[in-house]
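Participant: Take a look and give me a structure for this.
(chains A, B, C and D)
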2 protein chains.
Amino acid sequence: MSKGEQTRQAILARAFEIASVVGVSGLTIGRLAEETGLSKSGLFAHFGSKEALDVAVVEEAARQFVQAVMVPALREPRGEPRVRALFERWVTWGQRDGGCFFVGASAELDDRPGPPRDALVRACKDWVDELAKAARIAVREGHFRADLDAEQFAFELYGIMLSYHQFQRFLHDPTATAKTHHAFDRLVATARPASARHR
Amino acid sequence: MSKGEQTRQAILARAFEIASVVGVSGLTIGRLAEETGLSKSGLFAHFGSKEALDVAVVEEAARQFVQAVMVPALREPRGEPRVRALFERWVTWGQRDGGCFFVGASAELDDRPGPPRDALVRACKDWVDELAKAARIAVREGHFRADLDAEQFAFELYGIMLSYHQFQRFLHDPTATAKTHHAFDRLVATARPASARHR
DNA sequence: TGACAATTAGAACGATCGTTCTATTCTGTA
DNA sequence: TACAGAATAGAACGATCGTTCTAATTGTCA
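Facilitator: A predicted model of the protein is given here:
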């Protein structure tokens, strides 16, 4: 890895952390230069524009998300265990400083068309597809009932995660984590075949 | 209403619209002055600081939410119909320009302590309490089962709404509305007494 | 109607934004 | 080791941010 790519990577790592807290547009080239020990222009040269930096930050976030959530969860056994692992690691991911990058960025960019938004939409869609796919596998494994709507399942799972974020990080509800797990357990219980719907 | 309060109100109405689209910190005094036909300083004098303006915008949003969602829904019959009305009007509220103000503002302010955040938290908590209260009434009316956890119900309802917002406004999923209603129907079905859990 | 207060405009402030130059320092290779 | 190109620094740009003055205008009530 050349010197340039090396510092570029260091910049993005810090940029991702900052943007998780203050948002994509709250991330400023001046502050980022300060915190990485570079000059504004020196840093700027790595990206060419703020918009390109934003895109790179989104891609860095997606990269880290894959490493922290998807890769480990996909090592779990197919079916319900994997669905549960995906969810658990997702929740853990949302506990880092500034909360889930994607939750904040989605709300920020939903009315701002352009490359950064496009990159973020792609990442989120991939994630939803991954959740639905895991649910379909659980159906195939017999853990979930045959007529389960996997995309509907992903939609509702996503909602639980968003609600967790809202109650935990914003409302500071001390029972947020407990509510989140109850909601997940309830959702999974109704996804199981009628014969296994105990709990 | 004096001239001052009159223009102040006109400013806030426009400010709320703008902030719904570009966020609270995206709302700029210069732009707001431009769109209301006032000078920057003339407008500024009504609030004294940007932070005070932000608080006023949050309060204006809460005022409009009460009028558009809560007041009409509370005229519906107690129990499940009222729960349904609250949810339906909530979804409709989220379809205005820029989506639900509170969804965007919550993500924006969750890491920014201060009066604007405090005002927003109060408004959101009031709303969660209202949802839980409606669920408790539905229990009392016999529409929902006696051992229902009303706060858990409100948590999950909130999640469905947030997921709707994400899938509709951000991911542009054409089935977002259908998924939202399915999720709501499923949630309500599991809230009903076992004897009435058809559907 | 006249006078006092409330309201608005206009100009300017320092700070910071993204961006563009030019110049300097560093790195990798022949 | 010398040289070409990559990487970084520094200064400056116009624009816009929130804010503070002072001055002019307008509304309100005796």
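
Participant: quick one: buried residues of whichever helix in chain A runs longest?
Facilitator: Longest helix in chain A, counting residues (DSSP state H): helix A:115-140. The neighbour-count check on helix A:115-140 (16 or more other CB atoms under 10 Å in any protein chain shown) flags A:116-117, A:119-121, A:123-124, A:127-128, A:130-132, A:134-139 as buried. Every C-beta, even on glycine, is put in place using the N, C-alpha and C of the backbone.

Participant: how about that helix against chain B, any contact?
Facilitator: Yes - Helix A:115-140 lies within reach of chain B by CB under 8 Å from any CB of the partner chain, at A:121, A:124-125, A:128.

Participant: now check whichever helix or strand comes after that helix, is it near chain B?
Facilitator: Following helix A:115-140 in sequence order, the next helix or strand is helix A:150-165 (DSSP states H and E). Yes - looking at helix A:150-165 against chain B by CB under 8 Å from any CB, the contacts come from A:151-152, A:155-156, A:158-164.

Participant: so what's whatever residue of chain A ends up closest to DNA strand D up against?
Facilitator: In chain A, the residue that lies nearest DNA strand D is residue A:4 (2.0 Å; CB to the nearest atom of the strand). Contacts here follow CB atoms under 8 Å, 6 or more residues apart in numbering or on different chains; on that basis residue A:4 touches residue A:46.

Participant: what helix or strand is it on?
Facilitator: Per DSSP H and E: helix A:3-22 holds residue A:4.

Participant: Spatially nearest residue to the residue of chain A found nearest DNA strand C, not counting backbone neighbours?
Facilitator: Residue nearest to DNA strand C within chain A: residue A:30 (2.8 Å; CB to the nearest atom of the strand). Nearest non-adjacent residue to residue A:30, counting by CB to CB, 6 or more residues apart in numbering or on different chains: residue A:40, 5.8 Å away.

Participant: thinking again about what came up before, which of the residues of helix A:115-140 next to chain B lies closest to residue A:111?
Facilitator: Sorting the residues of helix A:115-140 next to chain B by how near they are to residue A:111, with CB to CB, puts residue A:121 at the top with 12.8 Å.

Participant: For the closest residue to the closest one other than its chain neighbours, give me its contacts.
Facilitator: Leaving aside its chain neighbours, residue A:121 sits nearest to residue B:171 (6.3 Å; criterion: CB to CB, 6+ apart). When contacts are counted by CB under 8 Å, 6+ apart, residue B:171 touches A:121, A:124-125, A:128.

Participant: and chain A, which residues reach DNA strand C?
Facilitator: Proximity of chain A to DNA strand C, by CB under 7 Å from any atom of the strand, involves residues A:2-3, A:27-31, A:40-41, A:44-45, A:48-51.

Participant: By mean pLDDT, point me to the weakest helix or strand of chain A.
Facilitator: helix A:3-22 (a mean of 95; mean pLDDT, DSSP states H and E).

Participant: List the buried residues of that helix.
Facilitator: A:7-8, A:11-12, A:15-22.

Participant: So which elements touch the following helix or strand past it?
Facilitator: Sequence order places helix A:29-36 as the next helix or strand after helix A:3-22, per DSSP H and E. Judged by 3 or more CB pairs under 8 Å, 6 or more residues apart in numbering or on different chains; DSSP states H and E, helix A:29-36 is in contact with helix A:3-22, helix A:40-44.

Participant: export the ones you listed to TSV and tack on distance to residue B:185?
Facilitator: Below are the helices and strands packed on helix A:29-36 laid out as TSV (distance: least, CB to CB, whole Å):
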stretch	distance to residue B:185
helix A:3-22	35
helix A:40-44	51
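
Participant: Of the ones you listed, which is nearest residue B:83?
Facilitator: helix A:3-22 (35.3 Å).

Participant: The closest residue to residue A:186 other than its chain neighbours - how many residues pack around it?
Facilitator: Spatially, and ignoring its direct neighbours in sequence, residue A:186 is nearest to residue B:190 (7.1 Å; CB to CB, 6+ apart). By other CB atoms under 10 Å in any protein chain shown, the residues close to residue B:190 number 17.

Participant: ditto for residue A:159
Facilitator: Neighbourhood size, residue A:159 [other CB under 10 Å]: 28.

Participant: Against residue B:163, how distant is it?
Facilitator: 3 Å (CB to CB, to the nearest Å).

Participant: Need the overlap of contacts for the two.
Facilitator: residue B:183.

Participant: Run the chain-centre distance for stretch A:85-105.
Facilitator: Centroid separation between stretch A:85-105 and its chain, computed with CA atoms, centre = their mean, to the nearest Å, is 6 Å.

Participant: averaged over its residues, what pLDDT does it have?
Facilitator: Here stretch A:85-105 scores 97 as its mean pLDDT.

Participant: Now do the buried residues in that stretch.
Facilitator: A:85-91, A:93-94, A:98-105.

Participant: on that earlier part again, residue A:63 is nearest to which of the helices and strands packed on helix A:29-36?
Facilitator: helix A:3-22 (8.9 Å).

Participant: Give me the distance between the closest one and the centre of its chain.
Facilitator: Here the centre of helix A:3-22 is set off from its chain's centre by 17 Å, with CA atoms, centre = their mean.

Participant: Then stretch A:171-179?
Facilitator: Distance, centroid of stretch A:171-179 to centroid of chain: 19 Å (CA atoms, centre = their mean).

Participant: How about stretch A:133-141?
Facilitator: The answer for stretch A:133-141 is 21 Å, by CA atoms, centre = their mean.

Participant: residues making contact with that stretch?
Facilitator: A:78-80, A:82-83, A:86, A:144-146, A:148, A:150, A:153-154, A:191.

Participant: For stretch A:84-103, output the C-alpha coordinates as CSV.
Facilitator: Extracted in CSV, the C-alpha atoms of stretch A:84-103 (Å, rounded to 0.1, in the frame of the first residue of the first chain):
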residue,chain,number,x,y,z
ARG,A,84,-30.3,-14.1,15.6
ALA,A,85,-26.5,-13.5,15.2
LEU,A,86,-27.2,-11.0,12.5
PHE,A,87,-29.5,-9.1,14.7
GLU,A,88,-27.4,-9.3,17.8
ARG,A,89,-24.3,-8.0,16.0
TRP,A,90,-26.4,-5.3,14.5
VAL,A,91,-27.5,-4.1,17.9
THR,A,92,-23.9,-4.2,19.1
TRP,A,93,-22.8,-2.2,16.1
GLY,A,94,-25.4,0.4,17.0
GLN,A,95,-23.8,0.8,20.5
ARG,A,96,-20.6,2.4,19.3
ASP,A,97,-20.0,6.1,19.6
GLY,A,98,-22.6,8.1,17.7
GLY,A,99,-24.8,5.1,17.2
CYS,A,100,-25.3,3.4,13.9
PHE,A,101,-23.8,5.4,11.1
PHE,A,102,-26.5,4.3,8.7
VAL,A,103,-29.4,5.4,10.8
